[in-house]
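**Student:** my questions concern the predicted model and sequence given below.
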Amino acid sequence: MNISPTPAAPRSLWLRLVGLPCTRSGWWSVSLAIVFVVLFPLWILYSLRLRPMPRPTFFSDPLHACLLLSAAAAAIAGGIAGLYAFAFSRERSVAVILSILLGAFVVYWTIGELLGG
């Protein structure tokens with residue numbers, strides 16, 4: 001008797017929404033959002049509690065600048081990876097959608113800060 005394995009059934013839309021990402025770009029998106037969630041509170045902790053000093057320029061304290069720029073870059077890159085996963089890889093995980101929203105918020109916040117608003 002020849003028993004061949006049946007091909008895996010496509011995941012239902014419900015499982016794709018609430019489950020973890022299935023694609024590599026989806027995982028990158030979620031991972032970069034997690035990096036942002038770790039770095040941003042570290043930046044807040046450093047700037048408010050550990051090193052409360054006046055900074056004449058943004059780059060006068062390199063660790064302060066590095067933490068904030070790294071957090072922002074991670075969120076924006078995660079949003080771009082999430083957009084790629086959503087558009088081209090058909091990733092529909094809620095985690096990927098949240099990372100897209102996080103990246104969009106950080107872009108909006110960054111543009112607002114650069115324009116002085």
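**Tutor:** Looks like it came in fine.
**Student:** C-alpha from now on. contacts and neighbour counts both.
**Tutor:** Fine.
**Student:** low-confidence stretches in the protein?
**Tutor:** Within the chain, the ranges that satisfy pLDDT under 70 run 1-11, 13-18, 52, 117.
**Student:** which helix or which strand is home to Leu114?
**Tutor:** Assigning secondary structure by DSSP states H and E places Leu114 in helix 94-115.
**Student:** who does that helix touch, helix- and strand-wise?
**Tutor:** Using 3 or more C-alpha pairs under 8 Å, 6 or more residues apart in numbering; DSSP states H and E as the contact criterion, the elements in contact with helix 94-115 are helix 24-45, helix 62-88.
**Student:** mind listing what's buried along the last one?
**Tutor:** Burial within helix 62-88, assessed by neighbour count using 16 or more other C-alpha atoms under 10 Å, is assigned to 64-65, 67-68, 70-86.
**Student:** that helix packs against which elements?
**Tutor:** Under the contact criterion of 3+ C-alpha pairs under 8 Å, 6+ apart, helix 62-88 touches helix 24-45, helix 94-115.
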